[in-house]
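Visitor: okay, predicted coordinates and the sequence, questions at the end:
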Amino acid sequence: MSERTAETSQRLGHGAQHAAILLQKENLKMKYENNEQEQRITRLTTQAKKLEEEIKVKEKKQGAAPRVGKGDRKSVMAELEEKIRAVEKKNEGMKRTIL
């Protein structure tokens, strides 16, 4: 136990100590979840960029003419971007709760 935690424990009653410990645990859990969300955002962004690059390479190999399934790729990209926005929104809410 750190000095600061020990000092706080001495000043607080048993119930307050328990509440403080619960808050610390909750805070750590939220930080962990926040980190997981940020990692998920990074993975989704990377996946979207890779798909975009693959599309460009395939179109380049086939010539300048766009492929027939381009609408499908756009919908996949839109879905990924929507997932990213949803995760970022959830992440922001979690950050506000932590602070």
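Guide: That came through fine.
Visitor: can you give me the buried ones in stretch 83-92?
Guide: Within stretch 83-92, the residues scored as buried using 16 or more other C-beta atoms under 10 Å are Ile84, Val87, Asn91. Bear in mind the C-beta positions are built from the backbone N, C-alpha and C, glycine included.
Visitor: save those residues as JSON lines, and put in secondary structure too.
Guide: As requested, the buried residues of stretch 83-92 are arranged in JSON lines below (DSSP: H, G, I helix; E, B strand; the rest coil):
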{"residue": "Ile84", "secondary structure": "helix"}
{"residue": "Val87", "secondary structure": "helix"}
{"residue": "Asn91", "secondary structure": "helix"}
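Visitor: tell me which residue lies nearest the centroid of the protein.
Guide: Gln37 (2.1 Å; C-alpha atoms, centre = their mean).
Visitor: how far away is that one from Gly15?
Guide: Distance, Gln37 to Gly15, by C-beta to C-beta, to the nearest Å: 33 Å.
Visitor: equivalent analysis for Glu52, please.
Guide: Distance from Glu52 to Gly15, by C-beta to C-beta: 55 Å.
Visitor: do you have the helices of the chain handy? List them.
Guide: 3-11, 14-62, 70-98 (DSSP state H).
Visitor: helices or strands up against the second one?
Guide: Packing contacts for helix 14-62, counted by 3 or more C-beta pairs under 8 Å, 6 or more residues apart in numbering; DSSP states H and E, involve helix 70-98.
Visitor: now the last one
Guide: Packed against helix 70-98 by the contact rule (3+ C-beta pairs under 8 Å, 6+ apart) you find helix 14-62.
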